[in-house]
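A.B. asks: Sharing a model that was predicted from the sequence below.
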Protein chains: 4
Amino acid sequence: MDLIGEDSYVLVYRDRRRRWLIRPRDTPKLHTHLGILDVSALVGKEYGVTVTTTLGDELTILKPTIEDMLMKLARKTQVIYPKDLGLISVKLGIHSGSKVVETGTGSGATTALMAYLVQPTGMVYTYDLNPEFQAVAKKNIEKLGLSQFVTFKVGDAKLGFEEREMDAGILDVGDPWEVIRSMRTSLKAAAPMAVITPTTNQAEKLVARMKEEGFVGIETIELLLRHLEARVGMTRPSNIMIGHTAYISFGRRTSPPPSS
Amino acid sequence: MDLIGEDSYVLVYRDRRRRWLIRPRDTPKLHTHLGILDVSALVGKEYGVTVTTTLGDELTILKPTIEDMLMKLARKTQVIYPKDLGLISVKLGIHSGSKVVETGTGSGATTALMAYLVQPTGMVYTYDLNPEFQAVAKKNIEKLGLSQFVTFKVGDAKLGFEEREMDAGILDVGDPWEVIRSMRTSLKAAAPMAVITPTTNQAEKLVARMKEEGFVGIETIELLLRHLEARVGMTRPSNIMIGHTAYISFGRRTSPPPSS
Amino acid sequence: MDLIGEDSYVLVYRDRRRRWLIRPRDTPKLHTHLGILDVSALVGKEYGVTVTTTLGDELTILKPTIEDMLMKLARKTQVIYPKDLGLISVKLGIHSGSKVVETGTGSGATTALMAYLVQPTGMVYTYDLNPEFQAVAKKNIEKLGLSQFVTFKVGDAKLGFEEREMDAGILDVGDPWEVIRSMRTSLKAAAPMAVITPTTNQAEKLVARMKEEGFVGIETIELLLRHLEARVGMTRPSNIMIGHTAYISFGRRTSPPPSS
Amino acid sequence: MDLIGEDSYVLVYRDRRRRWLIRPRDTPKLHTHLGILDVSALVGKEYGVTVTTTLGDELTILKPTIEDMLMKLARKTQVIYPKDLGLISVKLGIHSGSKVVETGTGSGATTALMAYLVQPTGMVYTYDLNPEFQAVAKKNIEKLGLSQFVTFKVGDAKLGFEEREMDAGILDVGDPWEVIRSMRTSLKAAAPMAVITPTTNQAEKLVARMKEEGFVGIETIELLLRHLEARVGMTRPSNIMIGHTAYISFGRRTSPPPSS
């Protein structure tokens, strides 16, 4: 049975919009417009309990999922969504033991999910040109306790990844077509790759380069996530939805690579 | 380096619509309208090679991903899509070591992906009323080499799951509201659950029951997957798309359960 | 050539979010955070001109389209969107001379568009239980100069429409299934009908009743409108979109009606 | 009361997929796999009746709507959908008396709907480079009885439209950016224009040119149409949907035009 500790993350939950992800050590008292919550008093309790604020409001104490943690991390920089990460992880077959190469690191949200999935025997090698970005990501990954499954590298992936025989690759940079050659060299035979691009122009340029570099099984996908408000006798889709996050392009390396 | 064996699955790939998932032992010669391929000659070769049929057509030999295998399995019965399984796995935080309880087994596609993700130390407990269905699923899971991560049980989940302190639960049955109570007892505190339902009526009835049984963080989602045809100077979304697969409802168990 | 008059509506346009629909007589000076605009000075000018505020900001003076007017009206009560009205008008074949029966009147947005389309020889008969609603709608229709194409009736359409041989019908009430019988009697043979419902439950109940009442060609549609941000080298769908407005169900009356 | 004549179009309706649009004079006997229907016997009857084939199958005789006619016409060449035409007609404010300029004519589906809406006092001026296309369109418009509301012109709109002070314009050609200048000259002050393009590249290039030519209120829209299968207790979206028809860009001419 999981008990809440001083350093445990807890998700204080009221509803989809009112939720706080905190630790007793950092935030012994949580001040909200619903009243004050004595967070330090949660230590030693079980997750899932309902507690009361000083104003009598009821809050549920949840154990954060990896999604909760990712959404918290993602706020700082560009957002990558669970729906997209889920599709990527299934299509790339990421699982325990996978070796994954990635650039850029960004806020570390993609890195974090991949690390979470490859543990305890796999490794995510993540490259970023910007050491400051990586410092933030490193801290985020530490908070998640996943540091031992991530190798951070500051460097320009266009010049090549140092790793070979990788099981899968992920590109999330502004000019991914410049990194396809490096990726091809780093992936093992027939290994899959995912590339995240916000614009149609990027997807277009990217896919052309993937074909030139001998990738096959190429497809570009977008996922539209819609909430259904399921209520007895008055069920309807939600009024507001996210219109666009990113296009995700997939392909697989062929072998032997075309002589170049 | 992976080499193709007699019993290795290979994905013979021409394009998105013309692809064959076979094994050299089962299909030494592949007869297609593009000519005959000598599959047995692939043994000992590396994945990713390009080969030629008797009619001179070029085919690429890929290593099947878990997605390829799932899509192959799924053809027999109701389809559950990678986009949906990806979202479920991220939102439920399924990873190496996770203990997952599930009903029904169906074709075993969901079971297979979960087993793939929980290996090598986790377990998927999957219940189905229909022993014949489970026999098919069992065979499918065997083909994937994932049998040791799945415990098959023939039985009615409405009467309860035998497992306790499960990390996550998945329901894919026609009347999931009847299994919420069993699920609540089986899940550990604050653990998440996903429920797959094709209709709005099911989602509506389900969500009402989830609230009664003290689940929180409830949301119902549908994912629309759209292909972008990324081609230089003429990029556009694909003409045809799947209009609907399923609604996925999520929630988390609270603790202690309301007295009942 | 159209010139702006004292009583002409003008759309003062800066961008999609900053636009004002006003008349010189009502608003001789327009005060905005972009400066003050001398609206009375527009009288006698042509639409389409660019003018300057006291702070030197440039605004374009447009002639409001029927869509601009509708969106202005619609703000007060439940919104019906141009995309939905466009589909309804095409599928119902509304055009000059059409006789249309409708309930409820609501803010008059649907009424207004239909009146706009049936002029100068058609008529829209619109029923509402609530005289206050109709007073607002009547004022809105007057502003649009469309009063002679609308006959307002306060009354309960469940008890029957007074009109016969209508070319088309539109229902936008909470319990449209209660009005199907009245509608059938009012429509001419084989005439089409559209029914607007926000929820799946309403659509379900409605369609069942339409079948019972001998309607054929029944279909229920929703339209998702997505903006594309078309910008050189960085084209992408908009981040935010409306997730749901309404389901629109269509059907056609058969004849002779089943004896009842 | 409308009675069926020798030359009346009738829609023989079984369900959404089995429907025939014919005339008694052209098709006195309709041979289907549901049996033979004596179409000539329908003359003098009212629309909406249910009739029986030689095999005892029941069919309903409907009066075709403008949508039925358009969908019939559209089969020959590129399809423009009612959802898109509906949005265009509302956003452009097309109604009785409107003067509309258009290129290209194509199959005449857009032309036909616009002619239907501008009657009896408006006019659609439609240009096409290809006299053969226009011959087909002309025949289609004749079938609809709308010829007097359409002026066909064979010619290159890039070189200019002959009309001035048009209320609205529609472009449906491969290189619409080449026609923006001509359109600007033809439209009256502040008049709206719609441009239909299948690809993102076209929309991008077009919108850039519209800005250069002084159009404002520019937006690019796509509509996704989804069917809901509304059935008691088992309501769900349809499995298959059209993934893409076209992007529609809208804008309004400013005045005076920038010197050029």
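C.D. replies: Arrived safely. Residues are numbered from 1 along each chain as shown, chains lettered A, B, ... in the order given.
A.B. asks: Now residue A:200. Its backbone dihedrals?
C.D. replies: Dihedral pair for residue A:200: phi -70, psi -30, per degrees, to the nearest 10.
A.B. asks: That one is in contact with residue D:203, isn't it?
C.D. replies: No. Judged on C-beta atoms under 8 Å, residue A:200 makes no contact with residue D:203 at a distance of 9.4 Å. For the C-beta atoms, the positions are set from N, CA and C on the backbone; glycine is no exception.
A.B. asks: Could you name every residue contacting both of those two?
C.D. replies: Both residue A:200 and residue D:203 are contacted by residue C:235, under the criterion C-beta atoms under 8 Å, 6 or more residues apart in numbering or on different chains.
A.B. asks: What helices and strands are in contact with the lowest-mean-pLDDT helix or strand in chain A?
C.D. replies: Using mean pLDDT, DSSP states H and E, helix A:66-74 stands out as the lowest-scoring helix or strand of chain A, at a mean of 83. With contacts taken as 3 or more C-beta pairs under 8 Å, 6 or more residues apart in numbering or on different chains; DSSP states H and E, helix A:66-74 sits against strand A:19-22, helix A:82-92, helix A:109-118, helix B:82-92.
A.B. asks: how about these in a markdown table, adding distance to residue B:100, mean pLDDT and mean neighbour count?
C.D. replies: Below are the helices and strands packed on helix A:66-74 laid out as a markdown table (distance: least, C-beta to C-beta, whole Å; pLDDT from 0 to 100; neighbours: other C-beta atoms under 10 Å in any protein chain shown):
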| stretch | distance to residue B:100 | mean pLDDT | mean neighbour count |
| --- | --- | --- | --- |
| strand A:19-22 | 24 | 94 | 18 |
| helix A:82-92 | 15 | 97 | 26 |
| helix A:109-118 | 14 | 96 | 27 |
| helix B:82-92 | 8 | 96 | 26 |
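A.B. asks: Quick one: closest of those to chain D.
C.D. replies: helix B:82-92 (14.0 Å; C-beta to the nearest C-beta).
A.B. asks: what would the helices and strands packed on helix A:66-74 look like in TSV with distance to chain D?
C.D. replies: Putting those into TSV (distance: least, C-beta to the nearest C-beta, whole Å) gives the following:
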stretch	distance to chain D
strand A:19-22	30
helix A:82-92	17
helix A:109-118	25
helix B:82-92	14
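A.B. asks: Adding distance to residue D:24, write these out as TSV.
C.D. replies: Listed next are these as TSV, based on distance: least, C-beta to C-beta, whole Å:
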stretch	distance to residue D:24
strand A:19-22	67
helix A:82-92	54
helix A:109-118	65
helix B:82-92	50
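A.B. asks: re earlier: just give me how far the least confident helix or strand of chain A sits from the chain centre.
C.D. replies: Computed by C-alpha atoms, centre = their mean, to the nearest Å, the separation of helix A:66-74 from the middle of its chain amounts to 7 Å.
A.B. asks: That helix vs helix A:82-92, what angle?
C.D. replies: Helix A:66-74 and helix A:82-92 are oriented at 120 degrees to each other (axes from the mean of the first three to the mean of the last three C-alpha atoms, to 10 degrees).
A.B. asks: Could you figure out how far helix A:66-74 is turned away from helix A:109-118?
C.D. replies: Comparing the axes of helix A:66-74 and helix A:109-118 via the same axes, to 10 degrees yields an angle of 150 degrees.
A.B. asks: who's in contact with helix A:66-74?
C.D. replies: Helix A:66-74 is touched from outside by A:9, A:11, A:21, A:62, A:64, A:80, A:82, A:85, A:107-109, A:112-113, A:116, A:140, A:143-144, B:90-91, B:93, B:95, with contacts defined as C-beta under 8 Å, 6+ apart.
A.B. asks: confidence score at residue A:17?
C.D. replies: Residue A:17 is assigned 86 on the pLDDT scale.
A.B. asks: do you know how far it is from residue B:219?
C.D. replies: Residue A:17 sits 12 Å away from residue B:219, taking C-beta to C-beta, to the nearest Å as the criterion.
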